[in-house]
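>>> coordinates for the following, if possible.
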Amino acid sequence: MENSDYSFVSVIIPVFNDAERLQICLKALAEQTYSQSQYEVIVIDNGSDDAAQVKAVVAEFEFAIATQESTPGSYAARNKGLSIAKGSIIAFTDSDCIPAPNWLEQGVHHLSHSPNCGQVIGKVDLFFKDPQKPTPVELYESMTAFPQEKLLKNFHGGATANVFTWRSVIEKVGPFNTQLKSNGDLEWGRRVFEAGYQQIYVADVEVKHPARQGWKQLHQRTIRLAGGVYDLHVRSKNSFLARQRMFARLLLDDLTPPVNFMINAFRTSQLNHWHHRIVVSLVIFYVRYISAWEKMRLNLGGISLRG
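Numbers count the residues shown, from 1 in each chain. A predicted model of the protein is given here:
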């Protein structure tokens with residue numbers, strides 16, 4: 001396998017109606033400690049209403065190119081980026097992420113120097129719009145969003161907000177499953193694991209990500225994640241009985257009181273005030289309620305929303 005700190009890297013970024021934050025992301029990528037001659041950034045517009053603005057933002061950066069993918073879903077967009085990527089190393093992040101200045105350097109280093117490494121999963125550090133006045137949703141996100149180390153341990157994968165891999169690994173295990181609207185990054189990571197590659201979590205490969213602020217954003221995320229879980233675990237079953245058994249199991253998980261989560265909320269150092277702990281404990285009930293209803297809707301024949 002390749003073993004060079006100077007390998008050419010293709011950074012793949014899907015975008016959907018997010019030109020403003022994309023510009024911030026690309027500015028961070030322009031300031032990398034990795035030689036700019038050794039990487040490209042591929043931005044894939046996935047049907048944005050502001051497609052012209054996205055294209056204009058990308059044109060500001062000579063190392064970046066813009067393309068389009070009409071099939072809805074971030075996994076289809078990432079696959080489009082893979083189809084034109086030149087790098088022997090592939091790095092994934094999102095348009096609302098802000099990579100650290102040494103993100104590429106550290107990601108390439110760990111991928112290259114870890115034996116038989118097929119996937120480096122980096123840290124996603126959430127931040128609040130106003131740290132002095134976090135919203136209930138931001139507080140909830142601080143406890144639940146992008147638990148990369150936990151995802152690797154429990155599911156053999158990580159969120160594509162911060163992932164490095166070799167092109168050769170993708171050629172062996174295949175691209176993302178475009179039928180999934182969520183959890184496709186974990187499904188892909190599981191294939192990497194099953195192919196016998198090492199997967200590592202590295203905290204010094206870091207991107208920053210804004211926490212979701214409002215209830216609408218949280219509602220959309222919850223529905224999308226519930227759909228991804230349903231598609232991955234229920235629709236994949238071969239028989240009606242097996243699908244219904246798995247559906248009942250997932251529904252029970254949502255309807256079971258989140259006692260452990262609430263205990264952790266009152267113990268964690270992430271929440272500094274007692275009323276923050278109470279608020280977060282109430283938010284989890286809202287999330288579980290929405291998730292349960294979405295899975296029931298899908299089980300009655302509904303269609304999962306875009307990823």
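
>>> excluding chain neighbours, what is closest to residue 26?
residue 61 (5.0 Å; C-beta to C-beta, 6 or more residues apart in numbering). All C-beta spots, glycine's among them, are computed from the backbone N, C-alpha and C.

>>> how far off centre is the lowest-mean-pLDDT helix or strand in the chain?
Counting by mean pLDDT, DSSP states H and E, the chain has its least confident helix or strand at helix 259-267, which shows a mean of 75. Taking the mean of its C-alpha atoms, helix 259-267 sits 25 Å from the chain's own mean (C-alpha atoms, centre = their mean, to the nearest Å).

>>> show me what residue 117 is bridged to.
Under the criterion DSSP bridges, residue 117 forms beta bridges with residue 198.

>>> cool, and residue 165?
Here residue 165, judged by DSSP bridges, has bridge partners residue 90.

>>> what is the burial count for it?
Using other C-beta atoms under 10 Å, residue 165 has 25 other residues around it.

>>> my guess is it meets residue 112, correct?
No. Assessed by C-beta atoms under 8 Å, residue 165 is found out of contact with residue 112, at 11.8 Å.

>>> tell me which helix or strand comes right after the least confident helix or strand of the chain.
Next helix or strand after helix 259-267 toward the C-terminus (DSSP states H and E): helix 274-299.

>>> which elements pack onto that next one?
Judged by 3 or more C-beta pairs under 8 Å, 6 or more residues apart in numbering; DSSP states H and E, helix 274-299 is in contact with helix 136-144, helix 215-233, helix 240-255, helix 259-267.

>>> what's the closest of those helices to residue 41?
helix 215-233 (25.0 Å; C-beta to C-beta).

>>> okay, angle between that closest one and helix 240-255 too, please.
If you take axes from the mean of the first three to the mean of the last three C-alpha atoms, to 10 degrees, helix 215-233 sits at 150 degrees to helix 240-255.
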